[in-house]
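Peer 1: Mind looking at a prediction? Sequence and model below.
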Amino acid sequence: MEYRRLERLVRGFSNHRRIQILELLRREPELSVEEIASSTKTNHKTVAEHIRRLAIAGLVLKRNEGTAVRHKLTSRAHRVLKFLSILA
């Protein structure tokens with residue numbers, strides 16, 4: 001078992017706001033940072049940092065669309081959300 005890889009993954013979603021962002025992207029894929037910030041009533045800079053951490057953990061993919069960057073969940077993120085729903 002790769003403990004450091006697992007630690008990076010767990011740290012990626014070990015924040016209530018990041019879990020909220022994952023849930024939002026599950027319901028509405030392909031959102032921009034601005035759309036996520038608006039929907040979660042969180043400032044742009046904070047959301048950008050959360051997205052960065054989610055991407056490092058392999059939970060969010062980024063796609064350029066003109067001047068905007070769109071975000072969607074990876075298959076790993078879907079498994080994490082399923083795991084979290086079992087825990088809840």
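Peer 2: Good, I have the coordinates. Residues are numbered from 1 along each chain as shown.

Peer 1: What does residue 31 show for phi and psi?
Peer 2: Main-chain torsions, residue 31, degrees, to the nearest 10: phi -90, psi 150.

Peer 1: residues contacting it?
Peer 2: Residue 31 makes contact with 24, 25, 39, 70, 71 under the criterion C-beta atoms under 8 Å, 6 or more residues apart in numbering. Backbone N, C-alpha and C define where each C-beta goes, glycine included.

Peer 1: Against which helices or strands is the worst-scoring helix or strand of the chain on mean pLDDT packed?
Peer 2: Taking mean pLDDT, DSSP states H and E as the measure, helix 3-13 is the helix or strand of the chain with the lowest mean score, a mean of 89. Where contact means 3 or more C-beta pairs under 8 Å, 6 or more residues apart in numbering; DSSP states H and E, helix 3-13 is packed against helix 16-27, helix 44-56, helix 75-87.

Peer 1: Pipe the ones you listed into TSV and attach distance to residue 33 per row.
Peer 2: Shown next, in TSV, are the helices and strands packed on helix 3-13 (distance: least, C-beta to C-beta, whole Å):
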stretch	distance to residue 33
helix 16-27	10
helix 44-56	5
helix 75-87	17
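
Peer 1: mind putting those helices in JSON lines, distance to residue 4, mean neighbour count and mean pLDDT included?
Peer 2: Conversion of the helices and strands packed on helix 3-13 to JSON lines gives the following (distance: least, C-beta to C-beta, whole Å; neighbours: other C-beta atoms under 10 Å; pLDDT from 0 to 100):
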{"stretch": "helix 16-27", "distance to residue 4": "19", "mean neighbour count": "16", "mean pLDDT": "98"}
{"stretch": "helix 44-56", "distance to residue 4": "13", "mean neighbour count": "17", "mean pLDDT": "96"}
{"stretch": "helix 75-87", "distance to residue 4": "16", "mean neighbour count": "13", "mean pLDDT": "95"}
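
Peer 1: Nearest approach to residue 62 belongs to which of the ones you listed?
Peer 2: Among the helices and strands packed on helix 3-13, helix 44-56 comes nearest to residue 62, with 6.3 Å by C-beta to C-beta.
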